[in-house]
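Asks: Coordinates for the following, if possible.
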Amino acid sequence: MDSKLSHSIAEFAVKFCNELEKDKTTICSPLSAEIMLALLALGCKNQSHAELLKALDMTDDDAIRSSFGFLTSNLKTIERATLNMANKIYLKKDIKIKPEFLKDAEQIFESSLEQLDFEEKIASADTINEWVAHHTNNKIKSIVSPDMFSSQTNLVMVNAICFLGHWNKPFKKIFTKDRAFHINNVTTTQVAQMFEEKFSCGYGVSPELKSKIIEMHYQGDEASMVIILPDEIEGLNFTLDQLIAGYDVMADIANLKRQKVTVQLPKFKVEMTIDLKKLLTKLGVKSIFGENNSDIDMLLSNETLFVSEAIQKAYIEVDEKGTEATASTGVVYKLLCKRYYKRFIADRPFLYLLTARKIPLFIGVYRGIPTATE
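Replies: Predicted coordinates for the structure are as follows:
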């Protein structure tokens, strides 16, 4: 995978993740949103086109076609892990799309467009929700509700990405115990944490991020989960600031050395809905949502088209067997922890990335605070 593209995607992912709620455990798939924005960019002009190119760190449409075409085809062939990527644009009925845009959608992004009568609110919601459920192994069964639609709705962006992988070496359930987790310097809680003394993984230290990093591989070794653990209990904000400023964490990950590590890691399950319209506006993508000046230019007619809704619902589950994601004490420790193993004890807020072939698929922050799905 091209290192510049990998770094660009990772940088966008961190900025995307940083706009989520700061006091909760989070999960999102910036890559899934990026793919949809890249497709939309090919159907835009003027200010909207400029904003999307800047957000994607792309120079022109040819760069989009080349980079994302390669990305889409490359991620299709991950071995021994399930990765389903599906993106769709829903348009109001009775409008005609430019053939060249349809060609880009199908051939480069393997995406599809479908027309709906948005005045039929329940039927529209059912159609979209059934499509998302089908492409996420039924882990996400509802992403839109009927009250989102009206006679004014004309374009809805939906992206779905589903990953299922099993660790090369599963954690032993017998060692999973409630252990202390430091939410901050003052507050500590008890959360279920997995433990393994001889976990074979990539390990490294980043002085620039003031963090330790491990990369735990899934079966097939083409997908992995990366954990970036700050040295200080309240060090996550510093780490995120460095990444937002452009620090190339993917270079650090590429240089990790595989070794035996004592790993203690919370098991967790998170599901969250993200209003992409609100979030992307904060990242400088605004014009596509303008009712009168969206500059979306994918129609054969002169009708005005703008993005009415853009929703992402993400899910991740991390347990002893591995990870399922959709866009998821003291006694044992003292007996097992040998001094000659590197220690990676994730007992404070940390950043995690689920990657495939060094491309971040999901990114999130674990803060130890229970969510509705835990």
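Asks: Roughly how far does N237 sit from I244?
Replies: Note on N237: its distance to I244, by Cβ to Cβ, to the nearest Å, is 10 Å. To be clear about C-beta, it is placed using only N, CA and C from the backbone, and glycine gets the same treatment.
Asks: now swap in V14 and tell me
Replies: Relative to I244, V14 is positioned 6 Å away (Cβ to Cβ).
Asks: In a helix, G284, correct?
Replies: No - counting by DSSP: H, G, I helix; E, B strand; the rest coil, G284 falls outside a helix, being coil.
Asks: Which pLDDT value belongs to it?
Replies: We have a pLDDT of 95 for G284.
Asks: That one contacts D57, doesn't it?
Replies: No - the pair G284 and D57 fails to qualify as a contact (Cβ atoms under 8 Å) at a distance of 11.7 Å.
Asks: More neighbours: these two, which one.
Replies: Applying other Cβ atoms under 10 Å to G284 and D57 shows that D57 carries more neighbours, namely 16 against 13.
Asks: okay, and for the stretch 201-350 of the chain, where does confidence drop off?
Replies: Along the stretch 201-350 of the chain, the model assigns pLDDT under 70 to residues 326-340.
Asks: any idea where the strands of it begin and end?
Replies: Along the stretch 201-350 of the chain, the stretches classed as strands by DSSP state E, counting those that start in this stretch are 211-217, 223-230, 257-266, 268-275, 309-318, 322-326, 342-345, 350-356.
Asks: Those strands: which one's closest to A192?
Replies: Closest to A192 of the strands of the stretch 201-350 of the chain, according to Cβ to Cβ: strand 257-266, at 6.7 Å.
Asks: CA atoms only for the closest one - export them in PDB, please.
Replies: Output of strand 257-266 as PDB, limited to C-alpha atoms (Å, rounded to 0.1, in the frame of the first residue of the first chain):
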ATOM      1  CA  LYS A 257       9.100  -5.400  16.200                       C
ATOM      2  CA  ARG A 258       7.300  -8.700  16.600                       C
ATOM      3  CA  GLN A 259       8.000 -10.100  20.100                       C
ATOM      4  CA  LYS A 260       6.300 -11.700  23.100                       C
ATOM      5  CA  VAL A 261       4.500  -9.200  25.300                       C
ATOM      6  CA  THR A 262       2.500  -9.300  28.500                       C
ATOM      7  CA  VAL A 263      -0.800  -7.800  27.400                       C
ATOM      8  CA  GLN A 264      -3.700  -6.600  29.500                       C
ATOM      9  CA  LEU A 265      -6.600  -5.200  27.500                       C
ATOM     10  CA  PRO A 266     -10.200  -4.400  28.200                       C
END
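Asks: can you give me the offset of it from its chain's centre?
Replies: Per Cα atoms, centre = their mean, to the nearest Å, the displacement of strand 257-266 from the mean C-alpha position of its chain is 23 Å.
Asks: Now the terminal residues of stretch 217-234, how far apart.
Replies: End-to-end distance for stretch 217-234: 27 Å, by Cα to Cα, to the nearest Å.
Asks: no no, stretch 215-224
Replies: End-to-end distance for stretch 215-224, by Cα to Cα: 6 Å.
Asks: Kindly state the beta-bridge partners for W167.
Replies: Y218 (DSSP bridges).
Asks: burial count for the closest residue to F289 other than its chain neighbours?
Replies: Using Cβ to Cβ, 6 or more residues apart in numbering and skipping the chain neighbours, the partner closest in space to F289 is V307 (5.2 Å). Around V307 sit 24 other residues, with neighbours defined as other Cβ under 10 Å.
Asks: Okay, and T72 sits in which element?
Replies: Per DSSP states H and E, T72 falls inside helix 61-74.
Asks: circling back to that earlier point, of V14 and I244, who's got more company?
Replies: More neighbours surround V14 than the other of V14 and I244, with 23 against 13 (other Cβ under 10 Å).
Asks: Contact partners for that one?
Replies: Shown in contact with V14 (Cβ atoms under 8 Å, 6 or more residues apart in numbering): 240, 243-244, 249, 363.
Asks: Now it: which helix or strand?
Replies: Using DSSP H and E, the element containing V14 is helix 3-18.
Asks: Tell me the buried residues in that helix?
Replies: Residues of helix 3-18 classed as buried by neighbour count (16 or more other Cβ atoms under 10 Å): 5-18.
Asks: export these to a markdown table and tack on distance to A33 and pLDDT?
Replies: A markdown table is the format used below for these (distance: Cβ to Cβ, whole Å; pLDDT from 0 to 100):
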| residue | distance to A33 | pLDDT |
| --- | --- | --- |
| L5 | 16 | 86 |
| S6 | 17 | 88 |
| H7 | 18 | 88 |
| S8 | 14 | 90 |
| I9 | 11 | 93 |
| A10 | 14 | 93 |
| E11 | 14 | 93 |
| F12 | 9 | 94 |
| A13 | 9 | 95 |
| V14 | 13 | 95 |
| K15 | 11 | 94 |
| F16 | 7 | 94 |
| C17 | 11 | 94 |
| N18 | 14 | 94 |
